[in-house]
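Student: I'll drop the sequence and a predicted model, then ask my questions.
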Amino acid sequence: MVEKVDSIWMDGELIRWEEAKVHVLTHTLHYGLGVFEGIRCYLCHDGRSGVFRLREHIDRLFNSALIAEIKIPFSREEIMEACKETLRANDLKEGYIRPIVFIGDGAMGVYPQDNPVRVAIVTWKWGAYLGEEALKGGTRVKTSSYMRHHVNVMMTKAKICGNYVNSVLAKREAVRLGYDEALMLDTEGYVSEATGENIFMVKEGWIKTPPLTSILPGITRDSVITIIKDIGLELIEQRFTRDELYTADEVFFTGTAAEVTPVREIDGRVIGLGRPGPITKEIQTTFFGAARGELERYKKWISYL
């Protein structure tokens with residue numbers, strides 16, 4: 001459950017949580033055309049609060065809006081400052097930030113005409129997305145019967161609200177079958193991503209991840225790729241099949257919500273030794289060190305409050 005906070009930023013001003021309401025005829029509610037981001041703020045080792053890769057997240061928000069043909073009525077700088085302002089207003093030293101851009105009420109039907117474009121930013125406390133135990137011991141995954149979007153069916157490089165119906169159905173199926181998360185294949189049968197995470201596999205010391213075809217260009221994915229190269233490990237961006245994934249030494253997910261989460265089982269097959277492997281642990285430790293401002297070379301990723 002989302003823990004209630006005092007204030008939400010909406011259309012340029014902070015308002016009380018209870019006042020953040022929209023009309024039932026809000027266009028995005030009916031047709032799904034809106035864009036959003038998920039961002040984390042961490043309590044850093046020096047006691048300051050820092051938003052992780054804020055600029056990159058807001059750039060992706062604006063890119064998603066461009067793809068979706070939505071004009072955001074604020075600048076990038078205004079949205080970045082509003083994210084920080086909302087954290088401060090709610091006295092959150094660390095937490096999750098959800099900016100959402102949506103089309104308001106007015107005309108109905110699939111063409112929104114000149115309905116207003118609205119923007120909201122919500123912040124709340126949120127721990128490990130797949131659970132603290134998953135971060136430490138690994139998560140269990142099921143290949144979904146739902147495929148990831150084809151690139152000409154939905155705009156896969158945009159974080160569009162309606163795209164996530166695909167994820168919701170896959171997640172519900174996986175949980176119903178007793179698993180923690182769903183693995184999704186692309187329309188040609190290759191491993192794509194999970195419902196809200198990118199995926200990496202480790203085999204004999206090298207690391208492989210799907211290329212930017214049908215997948216969302218994850219910002220945590222990009223961070224982890226940088227970390228992998230800095231550590232001196234070999235990274236290959238290449239398509240692979242799920243049976244290749246079964247034989248991996250290690251598998252892990254990346255994402256703003258999931259951070260770096262090990263995978264210990266896929267479709268009933270134990271991955272490696274059935275626990276987080278040494279490479280996953282090293283990447284996970286380095287990622288959290290970077291996110292909390294402990295590592296000088298990655299401090300450029302942090303926007304302090």
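Tutor: Noted; the coordinates are in hand. Numbering: from 1, shown residues only.
Student: Let's verify Gly162: helix, strand, or coil?
Tutor: Secondary structure assignment for Gly162 (DSSP: H, G, I helix; E, B strand; the rest coil): helix.
Student: so it touches Val35, yeah?
Tutor: No - judged on C-beta atoms under 8 Å, Gly162 makes no contact with Val35 at a distance of 10.0 Å. In short, each C-beta sits where N, CA and C put it, glycine included.
Student: more crowded one of those two?
Tutor: Val35 (26 against 14; other C-beta atoms under 10 Å).
Student: If we ignore the residues flanking it in sequence, what's nearest the more buried one?
Tutor: In this structure, Val35 finds its nearest non-sequential neighbour in Ser64, 3.9 Å apart by C-beta to C-beta, 6 or more residues apart in numbering.
Student: How about His30?
Tutor: Met108 is the one closest to His30 (C-beta to C-beta, 6+ apart), at 7.1 Å.
Student: How about the contacts made by that neighbour?
Tutor: 25, 27, 30 (C-beta atoms under 8 Å, 6 or more residues apart in numbering).
Student: Ala65 versus that one, what's the distance?
Tutor: 22 Å (C-beta to C-beta, to the nearest Å).
Student: Same check on Arg269?
Tutor: Taking C-beta to C-beta, one finds Arg269 at 40 Å from Ala65.
Student: picking up where we left off before, please, which helix or strand holds the residue nearest to His30?
Tutor: Per DSSP states H and E: Met108 is located in neither a helix nor a strand.
Student: ok, now Val122?
Tutor: Val122 belongs to strand 117-124, assigned by DSSP H and E.
Student: go on, Ile58?
Tutor: With DSSP H and E as criterion, Ile58 is part of helix 54-67.
Student: Buried ones in the next helix or strand after that helix, by neighbour count?
Tutor: Remark: after helix 54-67, the chain's next helix or strand is helix 76-89, criterion DSSP H and E. Within helix 76-89, the residues that qualify as buried are 79-80, 82-87, counting by 16 or more other C-beta atoms under 10 Å.
Student: Same check on stretch 20-32?
Tutor: Quick answer for stretch 20-32 (16+ other C-beta under 10 Å): 26-29, 31.
Student: Make JSON lines from the buried residues of helix 76-89 and add pLDDT and distance to Asn198 to it.
Tutor: What follows is the buried residues of helix 76-89, written out as JSON lines (pLDDT from 0 to 100; distance: C-beta to C-beta, whole Å):
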{"residue": "Ile79", "pLDDT": "98", "distance to Asn198": "24"}
{"residue": "Met80", "pLDDT": "98", "distance to Asn198": "24"}
{"residue": "Ala82", "pLDDT": "98", "distance to Asn198": "27"}
{"residue": "Cys83", "pLDDT": "98", "distance to Asn198": "23"}
{"residue": "Lys84", "pLDDT": "98", "distance to Asn198": "26"}
{"residue": "Glu85", "pLDDT": "98", "distance to Asn198": "30"}
{"residue": "Thr86", "pLDDT": "98", "distance to Asn198": "27"}
{"residue": "Leu87", "pLDDT": "98", "distance to Asn198": "25"}
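Student: That concludes my questions; thank you for your assistance.
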